[in-house]
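Enquirer: with the sequence up front, the predicted model follows.
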Amino acid sequence: MTPGESKTRDRVIILALVLGLISLSAYAYIFGPVESPTTIEVLRNPELHEGERVEMRGKVVSSQVVDGVLYMGLDKHGRTFEVYYQIKEDEESWLEDIEEGDTARFLGTVRIASEGRVEGEEMYYRSARRQTALGVLSFLGIVLIAAVIYIDRETLKEMIVDG
Amino acid sequence: MADFLTHVLLAWVAVELISIKYPWAMKYRVLVLVGAVLPDIGNFAVFMGETGANELYYLFMPLHSIAGSMLLVGILTMVFKAKFRKKVFLLLTAGAATHLAADYLIIFLDGKVPLLFPFTFEKVGYGLFLQAGHGFLVVATLAVIVTVLRRKNTEGKIKNLL
């Protein structure tokens, strides 16, 4: 194979891979289940229907655990939803640490639509305090990679295609 | 997702382990480290704010699956000279595999990992470590220390033999 032919073949392969990746994104966009973007649409639209299953994500504005049930005020676009969630046995240690300002996400069912009251079935949260630490650690990770790239730059240079 | 530092440290452990059998892997360690952050490159969309990040969600979501990661690894591999591509592909794949394996163990804010997308949208995960906790980072750091010490120890023994 001549250098020209090999370059063309490489370009065709790259194009095919990029198209494959775009196709995956398009497939996810068209056929993807209710996820974060749709959830936000649900929350922008105050029309909740009793018995409807929803997925919500927002800032915690209040939180209290009473008899193993977590009562939480969840703010999204200025509207506060009341969520109550029966804490599962293995979640006791971490769900009780929820504080105001944390981000919470849960799947649940609308119980009283007019009050925005929702019964949570599955729940996750991200601590605002720890989120800052997470950001710092991620930055350190990037710095570490950058440092290794710098140290190994000669090796990389000899490996990368010219032009 | 775990933080980038945890992913990079786990990738380093992978490099150390791979280099036991394939010593050349240490020379190209950066590829495993880069591979380990590839599935999360969509996270940089957070710089566009919450709305921007949500709008780009579907663009980057496939990268967090085996299929999406492999396509991205394939594209990156093509940047390298033909004679290196096999090694590059394998090392980037190893990095991406450590990332997906690590995220499999995380309790996520966004649920779990759509590992088998596009065959299914179902997210899977074991949920061993908290996303915002530092347990995983501690485990990864210890693993790096153990594997690096093991290598140094082995190198020392070889030098003594010579």
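Expert: Noted; the coordinates are in hand.

Enquirer: rest of the way, CA atoms for contacts and neighbours
Expert: Fine.

Enquirer: where exactly do the strands run in the chain?
Expert: Using chain A. Applying DSSP state E to chain A gives strands spanning A:53-66, A:69-76, A:79-86, A:103-112, A:117-126.

Enquirer: that answer is for a different chain, and I need it for chain B
Expert: B:106-107, B:129-130.

Enquirer: which strands and helices lie in contact with the last one?
Expert: Looking back up the chat, that one is strand B:129-130. Helices and strands touching strand B:129-130, by 3 or more C-alpha pairs under 8 Å, 6 or more residues apart in numbering or on different chains; DSSP states H and E, are strand B:106-107.

Enquirer: who does the strand it packs on pair up with?
Expert: Strand B:106-107 has these partner strands in its sheet, going by DSSP bridges: strand B:129-130 (parallel).

Enquirer: what about the partner strand, average pLDDT?
Expert: For strand B:129-130, the mean per-residue pLDDT is 77.

Enquirer: next: stretch A:89-108.
Expert: 78.

Enquirer: any part of it near chain B?
Expert: Yes. Against chain B, stretch A:89-108 shows contacts by C-alpha under 8 Å from any C-alpha of the partner chain at A:A104, A:R105.

Enquirer: and for stretch A:18-30?
Expert: Yes. Contact of stretch A:18-30 with chain B (C-alpha under 8 Å from any C-alpha) involves A:V18, A:G20, A:L21, A:I22, A:L24, A:S25, A:A26, A:Y27, A:A28, A:Y29.

Enquirer: how about the second one, nearest residue that isn't a chain neighbour?
Expert: Just to be clear, that refers to A:G20. B:L71 (7.2 Å; C-alpha to C-alpha, 6 or more residues apart in numbering or on different chains).

Enquirer: contacting residues for the one you found?
Expert: The neighbourhood of B:L71, defined by C-alpha atoms under 8 Å, 6 or more residues apart in numbering or on different chains, consists of A:L17, A:V18, A:G20, A:L21.

Enquirer: so what pLDDT did A:E55 get?
Expert: On the pLDDT scale, A:E55 gets 76.

Enquirer: what count of nearby residues applies to residue 32?
Expert: No chain in the question, so chain A it is. A:G32 has 15 neighbours, counted by other C-alpha atoms under 10 Å in any protein chain shown.

Enquirer: hmm, no, I was thinking of chain B.
Expert: A total of 29 residues lie near B:V32 under the criterion other C-alpha under 10 Å.

Enquirer: and for it, nearest residue in space, chain neighbours not counted?
Expert: B:G95 (4.2 Å).

Enquirer: that neighbour against B:V30, yeah?
Expert: No. Using C-alpha atoms under 8 Å, B:G95 is not in contact with B:V30; the gap is 9.5 Å.

Enquirer: return the residues in contact with A:S138.
Expert: B:D3, B:F4, B:L5 are the contacts of A:S138 under C-alpha under 8 Å, 6+ apart.

Enquirer: now do the contacts for the last one.
Expert: With C-alpha under 8 Å, 6+ apart as the criterion, the residues that contact B:L5 are A:L137, A:S138, A:F139, A:L140, A:G141, A:I142, A:L144, B:L137.

Enquirer: just the ones of these in helices?
Expert: Using DSSP state H, A:L137, A:S138, A:F139, A:L140, A:G141, A:I142, A:L144, B:L137 are the members of these that sit in helices.

Enquirer: turn these into a markdown table, columns for pLDDT and distance to B:D40.
Expert: Below are the ones in helices among the contacts of B:L5 laid out as a markdown table (pLDDT from 0 to 100; distance: C-alpha to C-alpha, whole Å):
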| residue | pLDDT | distance to B:D40 |
| --- | --- | --- |
| A:L137 | 87 | 14 |
| A:S138 | 86 | 11 |
| A:F139 | 89 | 13 |
| A:L140 | 92 | 15 |
| A:G141 | 92 | 12 |
| A:I142 | 91 | 12 |
| A:L144 | 94 | 16 |
| B:L137 | 88 | 17 |
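
Enquirer: from the residues you listed, list the buried ones, please.
Expert: Buried members of the ones in helices among the contacts of B:L5, counted by 16 or more other C-alpha atoms under 10 Å in any protein chain shown: A:L137, A:S138, A:L140, A:G141, A:I142, A:L144, B:L137.

Enquirer: A:E91 and B:V124: what is the separation?
Expert: From A:E91 over to B:V124 the distance is 18 Å, taken as C-alpha to C-alpha, to the nearest Å.

Enquirer: re earlier: list buried residues within the residues of stretch A:18-30 next to chain B.
Expert: A:V18, A:G20, A:L21, A:I22, A:L24, A:S25, A:Y27, A:A28.

Enquirer: which residues does residue 87 contact?
Expert: No chain specified, so I'll use chain A. A:I87 makes contacts with A:G68, A:V69, A:L70, A:L95, as judged by C-alpha under 8 Å, 6+ apart.

Enquirer: which of those lies closest to B:I106?
Expert: Nearest to B:I106, judged by C-alpha to C-alpha, of the contacts of A:I87 is A:L95 at 15.3 Å.

Enquirer: which single residue in chain B comes nearest to chain A?
Expert: B:L5 (3.7 Å; C-alpha to the nearest C-alpha).
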